[in-house]
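*Asks:* This is the structure alone, sequence omitted:
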């Protein structure tokens, strides 16, 4: 399969690259530290000095937004890779071996999917206490079942293809078949799932920090900034506007890319 | 019901011919096109918006940020229920706006020379809302209800100094022997030892007097009666025309339950609320707005916001270290920027509202000196201090600012934010180094800021979360409680505060100020420093018709 991106996909990809570059370059862009306070006056509006304005503690919101973006993207990217890894592994096992393994894993997946995602994530956060590790664990726990299920059904269809059966008849081991035949055929699907997961995880991470389960202060997070800014909405609307805009842009780009990749995959299967 | 591509069709046909649907029994056919559907939805929304009664000039529209927890006076611990209690019930005595003790249900009172016997002469013209008149037996009934072990009141300690309280709690006696009825309108309360804040305590909502024949309904004598209460939605109080201090001018008060502060503000601007507490972040907007600046009313609160140290934590056991950390906080700057117009400076632990300014000298800001003292005392700079705080929006910025200031002298602070109940249990367990909290007066007496916060018997759950223990201060506080002369009380209280500042188990930060905003048509409202002080007797609305 060749991956071809249409215009919207390209825009999405560019958006993601831009956000990643901004996040990586956060320490080098801008002249202010995200932690430096300047307790002098009310929150200041956007200006050349402070592109996104300041909060009431006088901290530069541009620097804080970039740092928060860096953190959110890092968490959601790592969580997406882990989720996908775990989901792919279990999905492949379940779809390939069928029988008892499939039955057991499907039961577990059904159980996991029966929980409302946010509730499950919140429960994990409440037990483990706030922090990066908690965010990762809770995102992976609440996300793996969905991708495992999609991959399982894909693997099931490949499993019954002639090349897999002939390989098995020729005496290939299960590991060999999984590695050489099944996994390569799952790769396009994984490529489509990754951006979708990235979007979901970005949103979940922001919701969790919005609810106070993110990194503890003074570290900025996008969700927390939206939350704090909401109280000041009439006095300092820029405080929650810019982090909100960044979240929206991030999710939009990721979804545009994901959509475009999905079209590719559908075209591929129709062929 | 079928959903088609272009139009949303709600097909309902005759019983047998068409496929059976939920609406099949109706001999009607609807064909809902999207615009029609949209219009109907709009109408429903509009009608819903109109469902609130148009504000008339006799209803006072107020709000609570959550449902009051209880109307049982013995069980009240929250501010909202306390506010309601002031409207539904009366106490023997009450405080006026200047915090002078004045008569209420008790016409007059007398204290014996030894400070142990309190005699109250009751008014004879106080009707309860069930028509009965106040008698001394109602007073005894209400107080014994508060002390009764079966009610498990969290405020039973109000009467703990009364003779026979212990025996009554242990169910040895049917009545508290220290509460004696002299005649139908005279009652005597005998204490085990002189206890100066006792009269103050009798003004607490928990000491409200209800009719002896209340049953489950808590029948009071207050200026209002509960008309209806829809939980989490609204609560309506109707005026009591027979109130003994004269009926209120307004006909009813409607308390709506509004949790979102942004919504409170917008409802006020739409004229749907008559008075609001201005949300902190919006204060400067209203202050600048010529339409509203004259309708703002500031009120000092009898409370203390403080940064507490865990004195039982090894790192913070030395008072020098605690004092050094206190001197690293630039309090004037914090108050000038973050708490502008929202707080007033406080020198000692007792708010200035309750005591004339004392000659206490608060610690000044010397970050360099602070660091030097910490180094001299071998303070471990590598171990971050845990700052515990509840998820209170008002103190969130403050804790981040404190974190920043302490970082400037090399002290690392880790902020741990917890919701209220888990915050409280962490405080009781003592697993923290620093904490940020406020203490609100139960009764407006300076003693209420000394005994609970600093007496060693109140560690850990009585209010002494710092774990501070000093025998000399303990005995001084007890002496203060037993003293009956106000001059002597003042002297002892100053000595205690001086010693406490020297030991620094906590850093007094500020007393908060509430900013009320009233609509231009509100007349006759005087703010009261106590949450349960206002009875809304003279408030009225003058809406001029256009």
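*Replies:* Received it, and whenever you're ready, just let me know what you need. This one's a predicted model, so the numbers in the text were calculated from it and none came from an experiment. Numbers count the residues shown, from 1 in each chain, chains lettered A, B, ... in the order given.
*Asks:* Where does pLDDT dip in the stretch 151-271 of chain A?
*Replies:* Applying pLDDT under 70 to the stretch 151-271 of chain A picks out residues A:266-271.
*Asks:* which parts of it sit against chain B?
*Replies:* Counting by Cβ under 8 Å from any Cβ of the partner chain, the residues of the stretch 151-271 of chain A close to chain B are A:212, A:216, A:217, A:218, A:228, A:230, A:231, A:232, A:233, A:234, A:235, A:236. Placement of C-beta: from N, CA and C, glycine included.
*Asks:* Can you flag which of those belong to helices?
*Replies:* Judged by DSSP state H, helices contain the following of those: A:228, A:230, A:231.
*Asks:* Which of those residues ranks first by neighbour count?
*Replies:* Highest neighbour count within these: residue A:228, with 22 neighbours (other Cβ atoms under 10 Å in any protein chain shown).
*Asks:* The closest residue in space to residue B:81 that isn't next to it in sequence and residue B:59: what is the separation?
*Replies:* Residue nearest to residue B:81 in three dimensions, not counting chain neighbours: residue B:68, with 4.3 Å by Cβ to Cβ, 6 or more residues apart in numbering or on different chains. Using Cβ to Cβ, to the nearest Å, we find residue B:68 at a distance of 19 Å from residue B:59.
*Asks:* again, but for residue B:122
*Replies:* For residue B:122, the distance to residue B:59 - Cβ to Cβ - is 33 Å.
*Asks:* if you count what's nearby, which of the two comes out ahead?
*Replies:* Taking neighbours as other Cβ under 10 Å, residue B:122 and residue B:59 compare with residue B:122 leading, 25 against 17.
*Asks:* isn't the more buried one right up against residue B:139?
*Replies:* Yes. With contact defined as Cβ atoms under 8 Å, residue B:122 counts as touching residue B:139 (6.9 Å).
*Asks:* Can you tell me which residue sits nearest the middle of chain A?
*Replies:* Compute the mean C-alpha point of chain A, and by Cα atoms, centre = their mean the closest residue is residue A:198, 2.4 Å away.
*Asks:* Residue A:78 is in contact with that one, correct?
*Replies:* No. Counting by Cβ under 8 Å, residue A:198 does not reach residue A:78; the two are 10.4 Å apart.
*Asks:* any idea how far the spatially most central residue of chain B is from chain A?
*Replies:* The centroid of chain B falls nearest to residue B:79 when counting by Cα atoms, centre = their mean (3.3 Å). Residue B:79 sits 20 Å away from chain A, going by Cβ to the nearest Cβ, to the nearest Å.
*Asks:* show me the contacts for the nearest residue to residue B:222 once chain neighbours are set aside.
*Replies:* Leaving aside its sequence neighbours, residue B:222 sits nearest to residue B:88 (Cβ to Cβ, 6+ apart; 4.4 Å). By Cβ atoms under 8 Å, 6 or more residues apart in numbering or on different chains, the contact set of residue B:88 is B:71, B:208, B:218, B:220, B:222, B:224, B:225, B:226, B:237.
*Asks:* per-residue confidence for the second one?
*Replies:* At residue B:208, the model reports a pLDDT of 94.
*Asks:* Please report phi then psi for the residue of chain A positioned farthest from its centre.
*Replies:* Here chain A reaches farthest from its C-alpha mean at residue A:170, the gap being 40.8 Å by Cα atoms, centre = their mean. Here is the backbone geometry of residue A:170 (degrees, to the nearest 10): phi -70, psi 0.
*Asks:* What of residue A:155?
*Replies:* Torsion angles at residue A:155 (phi, psi; degrees, to the nearest 10) stand at phi -60, psi -40.
*Asks:* again, but for residue B:209
*Replies:* According to degrees, to the nearest 10, residue B:209 has phi -100, psi 130.
*Asks:* Pull the number of nearby residues for it.
*Replies:* Using other Cβ under 10 Å: residue B:209 sits among 28 other residues.
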